[in-house]
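Asks: got a predicted structure here, sequence first:
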Amino acid sequence: MWRMIPAEEGPEAASERQAQLLRGCLDMCLLALLADEPAHGYELVRRLDTAGFGTVSYGTVYPLITRLHRLGLVANALQPSPNGPPRKVYRLTETGHERLRSWSEQWVHFAGVVNATIAVRPPKPGADHEHADAGR
Amino acid sequence: MSTPTPVVDHLLATADREWRALGINRSDRTTLSADLRAELEAAAADGFDPAQLVGADPAGFALRVAEEAGVGRTPPRYGQVLGAATAGALLAMVVGFLVVIGLHQILVALFDLPRGLHVPIWLAAAVFYGGVAAAAVTGAVLTVRIGLRDAPRIRHTAARMALLLPPAVAASIAAAVALGWSFDFPLTPVIMAAEAAIVLGGFLAATTLARRWSVRTAA
């Protein structure tokens, strides 16, 4: 016999949910941010924050960049820095641009389906199934 | 903020330990390490704290980097290798002991040594213990090779065991004999346990080294 758990959400639960949602699309977002302008790893962290994702750690971003690099979607180049050693700057490759277009289309379609599914609709008359759980 | 270079060195040392433990070969480790160093040193020069960037769990960070980089890794499975080698060696040692005793009985029954021929006791002991040790080494190598045949690089490990175990076991037995000799070969439990521990230690060290050799040279 199971019991329904009230859907109470604190900040931690909301943050975990946000992390789950981000996990599936962070690589695409990194490609998009790099498509605007090449950047180094820790600059991408700042751009993600500015874009509204909140604080995404460098410990999450750097491994992902490593994967994108392995897949040939980003390339890197050393850029002279006035502050110290040259900085490694990442930019999208041609394959990266193509992949970003493809992923973006897929995402728009997917988000449309999700939005349509979760759109708030007035409940249908007689569709209240609470009585079905009353005896549990 | 702490001084960048020692912090970066410390983080890279932690990452390298993790990558070694994962069985990532030297070439890939060098590449990962150089990339990460360039990132962290540049970040430090731009005013970021490398330790804060990597986070509280540098080993976990190193693991994620290795996974995402798709670098080849060979799981060392030291426990399995040592367990199989020890079990195989013990079984083969018992069998070898019985075979050597049996052969001795057969040879004694079949042949009579000339009266003038004197066989030194050390030669007899060397043949006896050498035969048993050879059986134990063969048993260890075959058990690892056959029993763990699905483990990566296990053929290479077995080959290196065949190379390293004979001298290691010989040296360990010599050390154990030297220990016994220095106490006039007493049959006390402490001395006998110490002798057995010396031989077992040499055996386990050589087996570990063989596996480590295989994992580290994995392409």
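Replies: Sure, I can see it.
Asks: am I right that A:Arg91 sits in a helix?
Replies: No. Counting by DSSP: H, G, I helix; E, B strand; the rest coil, one finds A:Arg91 to be strand, located in no helix.
Asks: buried residues in the helix or strand encompassing A:Asn76?
Replies: Assigned by DSSP states H and E, A:Asn76 falls within strand A:74-81. If you call a residue buried by 16 or more other C-beta atoms under 10 Å in any protein chain shown, then strand A:74-81 has these buried ones: A:Val74, A:Ala75, A:Asn76. Placement of C-beta: from N, CA and C, glycine included.
Asks: likewise for stretch B:133-149?
Replies: B:133-145, B:147-148.
Asks: could you pull out the helices for the chain?
Replies: I went with chain A, as the question did not name one. Remark: helices assigned in chain A by DSSP state H are A:11-23, A:26-36, A:41-48, A:58-70, A:94-118, A:130-133.
Asks: not quite, go with chain B.
Replies: Going by DSSP H, chain B shows helices at B:4-21, B:26-45, B:50-54, B:58-69, B:78-110, B:121-142, B:154-182, B:189-216.
Asks: nearest to chain B among the buried residues of strand A:74-81?
Replies: For the buried residues of strand A:74-81, the residue nearest chain B by C-beta to the nearest C-beta is A:Asn76; the value is 8.5 Å.
Asks: so who does that closest one touch?
Replies: Listed by C-beta atoms under 8 Å, 6 or more residues apart in numbering or on different chains, the contact set of A:Asn76 reads A:His69, A:Lys88, A:Val89, A:Tyr90, A:Arg91.
Asks: returning to that earlier point: including pLDDT, could the buried residues of strand A:74-81 go into a markdown table?
Replies: What follows is the buried residues of strand A:74-81, written out as a markdown table (pLDDT from 0 to 100):
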| residue | pLDDT |
| --- | --- |
| A:Val74 | 96 |
| A:Ala75 | 95 |
| A:Asn76 | 89 |
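Asks: any idea how chain B splits into domains?
Replies: By the assignment in automatic domain parsing, chain B contains the domains B:4-69, B:78-216.
Asks: how near is the residue in chain B that chain A sits nearest to to A:Asn83?
Replies: Closest to chain A within chain B is B:Ala45: 2.5 Å, counting by C-beta to the nearest C-beta. Look at B:Ala45 and A:Asn83: by C-beta to C-beta, to the nearest Å, they are 4 Å apart.
Asks: show me which of those two is the more surrounded one.
Replies: Per other C-beta atoms under 10 Å in any protein chain shown, whichever of B:Ala45 and A:Asn83 has more neighbours is B:Ala45, with 16 against 10.
Asks: give me the pLDDT value at that one.
Replies: Here the pLDDT value assigned to B:Ala45 is 87.
Asks: what is the burial count for the closest residue to it other than its chain neighbours?
Replies: Once flanking residues are discounted, B:Ala45 sits nearest to A:Gly84: 2.5 Å by C-beta to C-beta, 6 or more residues apart in numbering or on different chains. The local packing of A:Gly84 (other C-beta under 10 Å) involves 14 other residues.
Asks: B:Arg212 too?
Replies: 17.
Asks: B:Arg64 versus the residue nearest to it when sequence neighbours are not counted, what's the distance?
Replies: Nearest residue to B:Arg212 in three dimensions, chain neighbours excluded: B:Pro76, at 7.1 Å (C-beta to C-beta, 6+ apart). For B:Pro76, the distance to B:Arg64 equals 20 Å [C-beta to C-beta].
Asks: same thing with B:Ala210?
Replies: B:Ala210 sits at a distance of 30 Å from B:Arg64 (criterion: C-beta to C-beta).
Asks: with neighbour numbers in mind, choose between these two.
Replies: With neighbours defined as other C-beta under 10 Å, B:Ala210 and B:Arg64 compare such that B:Ala210 has more, 26 against 18.
Asks: list the contacts of the more buried one.
Replies: B:Thr157, B:Arg160, B:Met161, B:Leu163, B:Leu164, B:Leu165.
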